[in-house]
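In: what shape does this take:
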Amino acid sequence: MKTSGHALHVLGVVCGLAAGAWLGAAEAPTKLVAAGYSPFLISLGMVAGVFVARWTVPMALKGTGYILLDLREKRHLIVWAVLAGMLWAVANTLTVFAIRDVGLSIAFPLWNINSLVGLLWGWLLFGELRGSSPRHWGRVVGGAAAIVAGACVLAYATTYGPAAGTARSAAKGILAAVGAGLLWGTMYVPYRKAYISGMNPLSFVTVFTFGELGTVFTLALIFDGGVHGVMAELGRARPALFWLFLGGFCWVLGDLFQQYAAKYIGIGRGIPLSNTNQLWGLAWGVLVFGELAGRGVPVQALVIAGSILTIAGAVAIGAAEASPSERLAWKRAMDRECRLYRLDRARVEATLRGEDPLAREKSGRGWWEFPIAAAALAVFVWLALSASRQPVAVSLPWMAIILAATLIFLAIGGVLLWKRTRFS
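Out: Reported below is the predicted structural model:
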């Protein structure tokens, strides 16, 4: 079905906001680092959950026949998807260290400099903001300045007052969060390259997961004592693995929304909008985990002010709808990819309008899809049966409220994607 440019912009904005909600929820289980688990183990547990979900969610929405046909048509993008997964895995591991050293509510905004990195790559490689009016540039530059200013305020808050921890641990946490932001910002280059080539986000993330799982497993083997060390840690962490798997599942939902945002409004706009996850991270950290308890009014004011400033910058960037001249620059980037890889230009243009020409050619669903879905569900049930409450203090009423709001975003974003693009 054909969808107007404005409708696709609205869809991209909604997907970006929904991504923020679910990416924020995904980071909550990383608080288990406070219970003494290895950061590499936590990252491995989450990525294992991501691996299971990245296979089953695309299969449930479009079917394996569709995914395989899409990958065969654009096999040159497979290596880019694996590379993106590797970047994600290293960045995700760094976030666990950042949360351990400076806390969830502070680490979130620091690694969200990925929006600045993504904005730079989007402008440099894919024609984003090319030909835009001074008003659009003003929104984007002003928003970028606000994001940087907010990150500086939050970094200062980590060393303010006696409860802030040692300067050394705070500095390590800041470096880990910033490093994650740089890697995640660069990771969006393969995203955008895939979507201006007509690949469906569901196909991209299916391959993406091989890069992330392989990289995280390698890191765990190197830094956690080899195979025996990793197996021993997994056995010790068995009661917590369900929560890590659940975090990985939430991440997949958030990442899918982020992928659709990047497809329909570009990485320069979609990524800042998804970075409203820092608002959700702040809510989880402060309301559910009580991270700022006892830190004093000045620290709380700094964290809140920095978060609001950064979010305002992200909203300003995301609100600037692409002008016709900028869309022409996007088209030139698409034409470059079509010439380079000999793609069908008409089909690629159709996918960027929200249509799905591949759906008319896909084979039917295979019988094996049902056992795969049942096996994935069985893994979660098995882990849930052995799960236990972890030694991390939480506020259950606030957790219920935040989860309800997150589910509302899932429903709105999912319905809009189905109505306007059939998950194209």
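
In: thought N200 was touching L61?
Out: No: in this structure, N200 is not within contact of L61 by C-beta atoms under 8 Å, at 9.6 Å. (C-beta placed from N, C-alpha, C; glycine too.)

In: which of the two has more neighbours?
Out: Using other C-beta atoms under 10 Å, the more surrounded residue of N200 and L61 is N200, with 29 against 17.

In: distance check, the nearest residue to the more buried one once chain neighbours are set aside against F208.
Out: Setting aside the residues directly before and after it, N200 is nearest to D70 in space (C-beta to C-beta, 6 or more residues apart in numbering), at 5.3 Å. Going from D70 to F208 by C-beta to C-beta, to the nearest Å gives 13 Å.

In: now swap in G354 and tell me
Out: For G354, the distance to F208 - C-beta to C-beta - is 22 Å.

In: repeat for I267
Out: I267 sits 15 Å away from F208, going by C-beta to C-beta.

In: list the buried residues for the helix or strand hosting V252?
Out: Element membership of V252 [criterion: DSSP states H and E] is helix 238-265. Residues 240-265 are the ones in helix 238-265 that count as buried (16 or more other C-beta atoms under 10 Å).

In: returning to that earlier point: tell me the helices and strands packed up against the strand or helix carrying the residue nearest to N200.
Out: Assigned by DSSP H and E, D70 falls within helix 64-73. Here helix 64-73 touches helix 201-223, going by 3 or more C-beta pairs under 8 Å, 6 or more residues apart in numbering; DSSP states H and E.

In: dump the helix it packs on to PDB, keeping only the CA atoms.
Out: Output in PDB follows, covering the C-alpha atoms of helix 201-223 (Å, rounded to 0.1, in the frame of the first residue of the first chain):
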ATOM      1  CA  PRO A 201      14.200  -4.600   9.100                       C
ATOM      2  CA  LEU A 202      12.900  -8.000  10.100                       C
ATOM      3  CA  SER A 203      15.400  -9.700   7.700                       C
ATOM      4  CA  PHE A 204      18.200  -7.400   8.800                       C
ATOM      5  CA  VAL A 205      17.900  -8.200  12.500                       C
ATOM      6  CA  THR A 206      17.700 -11.900  11.900                       C
ATOM      7  CA  VAL A 207      21.300 -11.900  10.500                       C
ATOM      8  CA  PHE A 208      22.400  -9.100  12.900                       C
ATOM      9  CA  THR A 209      22.000 -11.500  15.900                       C
ATOM     10  CA  PHE A 210      24.800 -13.800  14.700                       C
ATOM     11  CA  GLY A 211      27.400 -11.000  14.900                       C
ATOM     12  CA  GLU A 212      26.200 -10.000  18.400                       C
ATOM     13  CA  LEU A 213      26.000 -13.500  19.900                       C
ATOM     14  CA  GLY A 214      29.400 -14.600  18.500                       C
ATOM     15  CA  THR A 215      31.100 -11.400  19.700                       C
ATOM     16  CA  VAL A 216      29.700 -11.500  23.300                       C
ATOM     17  CA  PHE A 217      30.500 -15.200  23.600                       C
ATOM     18  CA  THR A 218      34.000 -14.500  22.500                       C
ATOM     19  CA  LEU A 219      34.400 -11.700  25.000                       C
ATOM     20  CA  ALA A 220      33.000 -13.900  27.800                       C
ATOM     21  CA  LEU A 221      35.500 -16.700  27.000                       C
ATOM     22  CA  ILE A 222      38.500 -14.300  26.900                       C
ATOM     23  CA  PHE A 223      37.700 -12.300  30.100                       C
END
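
In: give the buried residues for it.
Out: Residues of helix 201-223 classed as buried: 201-217, 219-220 (neighbour count, 16+ other C-beta under 10 Å).

In: many thanks, we can stop here.
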